[in-house]
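> My questions concern the predicted model and sequence given below.
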Amino acid sequence: MSAMRPVRLVNSILRTRLIHTMAPTLPPDRRPVVISGPSGVGKGTLFKLLFERHPDTFTLSVSHTTRGPRPGEKDGVDYHYVTKEAFEELKAKGGFVESAQFGSNFYGTSKATIEEQSAKGKVVVLDIEMEGVKQIQASGFPARYVFIAPPSEEELEKRLRGRGTDKEEDILKRLAQAKNELAFSKTGVHDKIIVNEDLETAYKELEEFVYAPVA
Ligand SMILES: Nc1ncnc2c1ncn2[C@@H]1O[C@H](COP(=O)(O)OP(=O)(O)OP(=O)(O)O)[C@@H](O)[C@H]1O
């Protein structure tokens with residue numbers, strides 16, 4: 001075989017570089033990543049960074065809900081809006097990997113949604129509270145579990161207050177629930193526990209976990 005001519009060699013290198021800069025680098029392990037942890041610990045902050053730094057690689061799971069859309073929300077983007085009857089029917093068929101009721105509304109993550117989003121070549125990220133994590137684990141659906149822990153309960157309270165999105169009553173409820181989430185994280189069911197003290201350090205740990213070779 002003749003050696004590659006310099007101009008072709010340069011073209012080939014440029015093409016390879018171009019492909020590398022354009023194509024997203026996919027994690028070797030394509031199972032959905034379930035992120036959980038107490039409210040206010042920084043889950044959203046961390047997965048938004050992952051989405052920003054790896055565009056077109058990840059997608060947040062779109063849940064089903066029986067509540068109506070709020071102004072600005074879009075069906076199929078923020079939630080799949082369904083009637084209570086449709087929700088119950090899907091649930092009876094075993095269509096949800098997890099579901100819950102908050103107030104008078106039902107919420108759930110459907111298997112079909114995860115499978116559709118995965119089929120588009122993306123790694124699905126689920127932001128789920130403790131009961132949901134237990135349900136997904138019990139369902140046997142393949143997934144990887146990351147728990148985001150606060151450096152301390154005091155720091156968690158500071159972040160919840162600093163965020164300025166919740167009423168005092170809700171902050172107290174979230175702090176009480178945080179104790180249950182933290183106790184659950186000590187039962188050894190998560191694949192990775194990340195303490196979100198310094199944001200960039202926690203981010204690197206998350207990225208490393210997500211991009212780790214298949215175990
Ligand atoms: N490492 C960090 N150091 C300091 N502040 C942080 C850190 N990570 C996140 N925060 C801040 O903590 C607050 C809570 O973060 P975020 O809203 O991402 O939490 P969450 O876990 O997604 O909460 P929820 O479950 O209620 O949606 C935000 O104001 C965020 O900017």
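Okay, I see it.
> Near the ligand, which residues of this structure? Just list them.
For the chain, the residues in contact with the ligand (Cβ under 6 Å from any ligand atom) are 37, 39-45, 159, 162-163, 196, 198-199, 202. No exception for glycine: its C-beta is placed from N, CA and C like everyone else's.
> Any regions of the chain where pLDDT drops low?
1-23 (pLDDT under 70).
> quick one, helices of it?
Per DSSP state H, the chain carries helices over the ranges 6-22, 43-53, 84-92, 111-119, 130-139, 153-163, 168-185, 199-210.
> Quick check on the residues of the chain next to the ligand: which are buried?
Gly37, Ser39, Gly40, Val41, Gly42, Lys43, Arg159, Asn196, Ala202 (16 or more other Cβ atoms under 10 Å).
> can you tell me which two in those residues are farthest apart?
Ser39 and Ala202 (16.4 Å; Cβ to Cβ).
> Need the nearest residue in space to Thr65, chain neighbours excluded.
Leaving aside its sequence neighbours, Thr65 sits nearest to Tyr79 (Cβ to Cβ, 6 or more residues apart in numbering; 4.5 Å).
> For that neighbour, give the beta-bridge partners.
Following DSSP bridges, Tyr79 is listed with bridge partners Ser63, Asp75.
> Pull the number of nearby residues for it.
Using other Cβ atoms under 10 Å, Tyr79 has 19 neighbouring residues.
> Next: Ile171.
17.
> got a list of what it touches?
When contacts are counted by Cβ atoms under 8 Å, 6 or more residues apart in numbering, Ile171 touches Glu157, Leu160, Arg161.
> Equivalent analysis for Ser63, please.
Going by Cβ under 8 Å, 6+ apart, Ser63 touches Tyr79, His80, Tyr107, Gly108, Thr109, Thr113.
> Thanks again, I'm all set now.
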